[in-house]
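**Student:** here is the input, now give the coordinates:
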Amino acid sequence: MDLRRFICWRLVLLLLFMPCGLRCMSVHILNEEPVYVIPGSSLDLKARVENGPLEEVSVVSWEREPESGFHPEKATLATCSGRGLKCAGTRPNVHVNMGQQETALQVNGYSSTDSGVYAVTVEDHTGAKTTAHCIVRTYEEVHHVSVSINASHSVLVCGEAWGTEPNFSWLHERVAITKNVGRVSKDGTTLFVTMTPFCGHFTCMVSNKLGYSSATYTAAPCETEARGTTAVVVCFVLLLLFGGVLTFLLWRRHKHANRGERLHEHLDDTI
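**Tutor:** Coordinates of the predicted model:
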């Protein structure tokens, strides 16, 4: 009888202090953070709940608090509780649902006030809680693009203020950068100019889902380009002058020929 009691107590202690197996409940948000949301669209967060066979989820709640601040206040957005985990949002634009091992939160008509740190908390039947967090931020358009230069090394650097997921690209005289002009860094922010001489217009374009903006650095005019333009203009002017002189000579010759014919006919009539 003592042996049976001893074995039972051993089993109880093993279940109580088992690290993660039959008793450990966990939750983690599936979205890669930070999550950026375009204003007016919907925020969708998903979390996976894992619980052992000895555990039963009794309450699931979603909360939000500011990302920064000395005394951030949490706001409850939605709760799932009761038999069958019935869910309800605290605002008309907030929806939540609970699956077998997954919970999803949706906030429609997202605005900048909806940004912050989101938390999903899962509570089991014993009152034990576990929480996962996710940072949500507003998707910002591109702002204040600028180009700076390190003249000694012929390096152009493109900067952008606070746009979300900016994509950088470069143009030289409105044409994409080629090997003859230089090379662009992997992140697209830096242009290493190798062309000689360093001349022309270099434009940095920054874009994201909400639009684009650009900035241009203007170096000295390219000589070949200036000479070519000048040569074309000179040739055009010479052609105009030559054409005008030729037309005038032909017209004058034709005029004198007509006068000679009329004078010869007049003399014949007089004789």
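
**Student:** enumerate every residue touching K46.
**Tutor:** I29, L30, N31, E102, T103, A104, L105 (CB atoms under 8 Å, 6 or more residues apart in numbering). For the C-beta atoms, the positions are set from N, CA and C on the backbone; glycine is no exception.

**Student:** one more pass at 6 Å, please.
**Tutor:** L30, A104 (CB atoms under 6 Å, 6 or more residues apart in numbering).

**Student:** where are the low-confidence patches of the chain?
**Tutor:** Scanning the chain for pLDDT under 70 picks out the ranges 1-23, 224-238, 242-246, 248-271.

**Student:** ok so T113 is a helix residue?
**Tutor:** Yes. Under DSSP: H, G, I helix; E, B strand; the rest coil, T113 falls within a helix.

**Student:** which stretches of the stretch 51-200 of the chain form strands?
**Tutor:** Using DSSP state E, counting those that start in this stretch, the strands assigned to the stretch 51-200 of the chain run over residues 57-65, 75-81, 86-89, 94-98, 102-107, 116-124, 129-138, 146-150, 155-159, 167-172, 175-176, 182-184, 190-193.

**Student:** for the last one, which helices and strands make contact with it?
**Tutor:** Applying 3 or more CB pairs under 6 Å, 6 or more residues apart in numbering; DSSP states H and E, one finds that strand 190-193 makes contact with strand 155-159, strand 182-184.

**Student:** same check on the fifth one?
**Tutor:** Taking 3+ CB pairs under 6 Å, 6+ apart as contact, the helices and strands that strand 102-107 lies on are strand 43-50, strand 94-98.

**Student:** the second one now?
**Tutor:** Counting contacts by 3+ CB pairs under 6 Å, 6+ apart, the secondary-structure elements packed against strand 75-81 are strand 57-65, strand 94-98.

**Student:** can you list the helices and strands packed on strand 190-193 in TSV and add distance to C80?
**Tutor:** Compiled in TSV, these are given as follows (distance: least, CB to CB, whole Å):
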stretch	distance to C80
strand 155-159	46
strand 182-184	50
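
**Student:** could you single out the most deeply buried of those strands?
**Tutor:** strand 155-159 (a mean of 19; mean count of other CB atoms under 10 Å).

**Student:** got the angle for it vs strand 146-150?
**Tutor:** 150 degrees (axes from the mean of the first three to the mean of the last three CA atoms, to 10 degrees).

**Student:** flag every buried residue along stretch 83-92.
**Tutor:** Buried residues in stretch 83-92, counted by 16 or more other CB atoms under 10 Å: L85, C87, G89.
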